[in-house]
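Undergrad: dropping the sequence and predicted coords here.
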Amino acid sequence: MDWQGQKLVEQLMQILLVISGVVAVVVGYTTESFRTMMLIYAGGVVLTTLVTVPNWPFYNLHPLKWLDPSEAEKHPKPEVVSVASKKKFSKK
Amino acid sequence: MHSFGYRANALLTFAVTILAFICAIASFSDNFSNQNPSAQIQILNINWFQKQPHGNDEVSLTLNITADLQSLFTWNTKQVFAFVAAEYETSKNALNQVSLWDAIIPEKEHAKFWIQISNKYRFIDQGHNLRGKDFNLTLHWHVMPKTGKMFADKIVMSGYRLPNAYR
């Protein structure tokens, strides 16, 4: 799962769970059934789990592109130059 | 979000948080239910009225209890506990409360009832103050929810009186 996939999965998880909660409360309240609310919410959680926990292909649509090795040769690693500083010893 | 376990953990944590919220919403919605229970109690007969050997007064009553508690039930109600108490005042206690009958009502369909019964629990005074005593019969109820806050209330019915003499 790439970076965009991870972001997508987190957003999708939150959205699906909140929607499940809202639908569960609304349907439970209108049908006056606490059991219905719990069953709908449980179904929503299961669905969200199936959608977001496995690493599905559509979470891998933006693979990270590493630089070509030949490109790296054009920009050599800068060398660290050690400069010996001259110290003056003043005698009084 | 980079591994199966992390994603599962994040999802379940958030799911349980939302579960707490929807349970709170269910409990909160009980505040908006339109409750108008009604009840009526008649004393059909005083079966006997005696002083116990060690001095306390005791009464046996036949009650006719009619009640409609269906409006107490919401989608969050597990059951309703209802009880009838005799309440009166003596010089010793400002409030004497004696439970005479109770019932657990599990469904809305059983919440509208008419029952004729002798008092389930004994009506005994702490002393001998019951002769000629005026008292109230109070129907109390506790609405027990599936989740959240329990509500309790009562209907007070007055005008009841015990006889002046033992029988």
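TA: The structure has been received and is ready for your questions.
Undergrad: which stretches of the chain form helices?
TA: Chain wasn't specified; assuming chain A. A:3-31, A:34-52, A:69-74 (DSSP state H).
Undergrad: wrong chain, I was asking about chain B
TA: With DSSP H as the definition, chain B shows helices at residue ranges B:4-29.
Undergrad: if we can go back for a sec, dump the helices of chain A to JSON lines, plus mean pLDDT and mean neighbour count.
TA: Placement of C-beta: from N, CA and C, glycine included. Below are those laid out as JSON lines (pLDDT from 0 to 100; neighbours: other Cβ atoms under 10 Å in any protein chain shown):
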{"stretch": "helix A:3-31", "mean pLDDT": "88", "mean neighbour count": "17"}
{"stretch": "helix A:34-52", "mean pLDDT": "90", "mean neighbour count": "17"}
{"stretch": "helix A:69-74", "mean pLDDT": "75", "mean neighbour count": "8"}
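Undergrad: can you redo the ones you listed as TSV with distance to chain B?
TA: Converted to TSV, those look like this (distance: least, Cβ to the nearest Cβ, whole Å):
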stretch	distance to chain B
helix A:3-31	4
helix A:34-52	5
helix A:69-74	26
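Undergrad: out of those helices, nearest to A:Phe58?
TA: In terms of Cβ to Cβ, the element of these nearest to A:Phe58 is helix A:3-31, at 7.8 Å.
Undergrad: for chain B, give me the ranges with low pLDDT.
TA: Flagging of chain B using pLDDT under 70 yields the residue ranges B:1, B:167.
Undergrad: got the residues of it near chain A?
TA: Residues of chain B found near chain A (Cβ under 8 Å from any Cβ of the partner chain) are B:1-2, B:4, B:7-8, B:10-11, B:14-15, B:18-19, B:21-22, B:25-26, B:29, B:74-76, B:146-147.
Undergrad: pull the residues that contact the longest strand seen in chain B.
TA: As far as residue count goes, and with DSSP state E defining each element, the longest strand of chain B is strand B:38-51. Contacting residues not belonging to strand B:38-51 are listed as B:57-69, B:84, B:116, B:118, B:128, B:130, B:137, B:139, B:155, B:157, B:160, B:162-163, B:166-167 [Cβ atoms under 8 Å, 6 or more residues apart in numbering or on different chains].
Undergrad: list only buried entries from these.
TA: B:57-59, B:61, B:63, B:65, B:67, B:69, B:84, B:130, B:137, B:139, B:155, B:160, B:162 (16 or more other Cβ atoms under 10 Å in any protein chain shown).
Undergrad: for the longest strand of chain B, which positions count as buried?
TA: Of the residues in strand B:38-51, those scored as buried under the neighbour-count criterion (16+ other Cβ under 10 Å) are B:Ala39, B:Ile41, B:Ile43, B:Phe49.
Undergrad: how far off centre is that strand?
TA: Its chain's average C-alpha position is 18 Å from that of strand B:38-51, according to Cα atoms, centre = their mean, to the nearest Å.
Undergrad: quick one: the strands in chain B, in order.
TA: Assigned by DSSP E, the strands in chain B fall at B:38-51, B:57-68, B:77-88, B:96-105, B:112-118, B:123-124, B:134-145, B:151-161.
Undergrad: looking at those strands, which is nearest to A:Pro69?
TA: When the strands of chain B are ranked by proximity to A:Pro69 (Cβ to Cβ), strand B:134-145 comes first, at 67.3 Å.
Undergrad: name the strands paired with the closest one and say parallel or antiparallel.
TA: Each strand that strand B:134-145 pairs with, and the sense of that pairing, follows from DSSP bridges: strand B:77-88 (antiparallel), strand B:151-161 (antiparallel).
Undergrad: most tightly packed of these?
TA: For these, the largest average neighbour count (mean count of other Cβ atoms under 10 Å in any protein chain shown) is found in strand B:77-88, namely a mean of 20.
Undergrad: render the CA-only coordinates of that one in CSV, please.
TA: Output of strand B:77-88 as CSV, limited to C-alpha atoms (Å, rounded to 0.1, in the frame of the first residue of the first chain):
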residue,chain,number,x,y,z
THR,B,77,-36.5,0.2,26.9
LYS,B,78,-35.6,-3.2,28.2
GLN,B,79,-38.3,-3.5,30.8
VAL,B,80,-40.4,-1.4,33.2
PHE,B,81,-40.4,-2.2,36.9
ALA,B,82,-43.6,-1.0,38.6
PHE,B,83,-44.7,-1.2,42.2
VAL,B,84,-47.5,0.0,44.4
ALA,B,85,-46.6,1.5,47.8
ALA,B,86,-48.8,2.6,50.6
GLU,B,87,-47.5,5.9,51.9
TYR,B,88,-48.6,7.6,55.1
